[in-house]
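J.: I need the structure of the sequence given here:
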Amino acid sequence: MNKENIIHGRTSVYNCNYHIVFTTKYRRKVLNADISQYFKQVLNEVAKEKGFTIRNVEIGDEDHIYIFVSAHPKISPSYIVKMIKGISARLIFLKFPEIKKQLWSGHLWNPSYYLETIGSVSEGAIRKYIDNQRSKNHC
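T.: Next up is the predicted model:
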């Protein structure tokens, strides 16, 4: 057990981490450098407001989002994904309305997502994987 990641709450001690991956609708490559930078900013604001922590994030090939999140056990992973996707889509469309032309249905994100729980043993591997997405995909 990696003690540096253990969080001591008022009523619990925990280390809840999630690897989340989702894509843009129709896998459209709309996440250019400006939108990616804005997404990361929005992501950090959402995390702070909703009570979870972004440990790592990367945009892959302008159509994938890779996120490593830590959260209190009372915050469900599906809630985290819902908040990230819903709030970021609304704010990105407000700031970059031109991308709606590339997304016929007016939705930014594919409704599905990948979620994996992360233990302290595999944390380094996930961080390395997410960091490698940057070198693979231009950013």
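J.: Could you point out the helix or strand that follows whichever strand or helix holds Lys40?
T.: For Lys40, the host element (DSSP states H and E) is helix 33-50. Counting by DSSP H and E, the next helix or strand C-terminal to helix 33-50 is strand 52-60.
J.: can you tell me which residues contact Gly119?
T.: 15, 17 (Cβ atoms under 8 Å, 6 or more residues apart in numbering). Using the backbone N, CA and C atoms, a C-beta is placed for each residue, glycine as well.
J.: any idea how far Lys101 is from it?
T.: Look at Gly119 and Lys101: by Cβ to Cβ, to the nearest Å, they are 43 Å apart.
J.: repeat for His8
T.: Using Cβ to Cβ, His8 is found at 49 Å from Lys101.
J.: Could I get the full set of strands for this structure?
T.: 7-8, 13-14, 17-23, 52-60, 64-71, 114-118 (DSSP state E).
J.: which one of those is the most hemmed in?
T.: Highest mean neighbour count of those: strand 64-71, a mean of 21 (counted as mean count of other Cβ atoms under 10 Å).
J.: Give me the contacts around it.
T.: With Cβ under 8 Å, 6+ apart as the criterion, strand 64-71 contacts 5, 7, 15-24, 31, 39, 43, 47, 51-60, 77, 80, 84, 118, 126-127, 129-130, 133.
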